[in-house]
Every structure is written in C-alpha cells, then in structure tokens.
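Undergrad: structure for the following, please:
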Amino acid sequence: MTLKKEPLEVDFVVESRPLTKEEEYAISAFIQADKEKRKSRVKPVNKKVVRKRSKSKASS
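TA: You can find the predicted model right below:
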C-alpha cells in the first residue's frame, strides 16, 4: 500500500452535521446484522494430532 500525499496549497474543509434518526437506525441495524452474521459463521476447529509410538522402537 502506498502513502497518498495531499497536494500542496490545497485545504480540505469538511462540515459535519448531526445524524437523523433514520440514519442512526440504519447504521445500528447494519451493525447488528453484521454481528449476527459473524456469530453464525462456523469457526474451524484446530485438532491436535497425537501420534502413537510404535511398539517395535519401544522394546529395543
């Protein structure tokens, strides 16, 4: 990923406004749906493989 530099002599002005109730609800619903989707995913289980010793080497 490359670093993006701002052009010289340029000012970026952003005016923020409060969210409406509809926007708040939409964002909240999206976050809740995303959480439910992540919970429903099946996580792979890492099983540890245990190898048994062969009896021929143990008796030597």
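
Undergrad: from here on, just use CA atoms for contacts and neighbour counts.
TA: Noted.

Undergrad: name the SS class of Lys35, please.
TA: Judged by DSSP: H, G, I helix; E, B strand; the rest coil, the three-state class of Lys35 is helix.

Undergrad: state the distance from it to Glu24.
TA: As for Lys35, its distance to Glu24 is 17 Å (criterion: C-alpha to C-alpha, to the nearest Å).

Undergrad: would you map the helices across this structure?
TA: 21-40, 55-58 (DSSP state H).

Undergrad: rebuild those as a markdown table, extending it with mean neighbour count, distance to Thr2 and mean pLDDT.
TA: Below are these laid out as a markdown table (neighbours: other C-alpha atoms under 10 Å; distance: least, C-alpha to C-alpha, whole Å; pLDDT from 0 to 100):
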| stretch | mean neighbour count | distance to Thr2 | mean pLDDT |
| --- | --- | --- | --- |
| helix 21-40 | 11 | 29 | 94 |
| helix 55-58 | 7 | 57 | 62 |
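
Undergrad: distance to Asp11 for these - can I get that in TSV?
TA: What follows is the helices of the chain, written out as TSV (distance: least, C-alpha to C-alpha, whole Å):
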stretch	distance to Asp11
helix 21-40	28
helix 55-58	76
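
Undergrad: thank you, goodbye.
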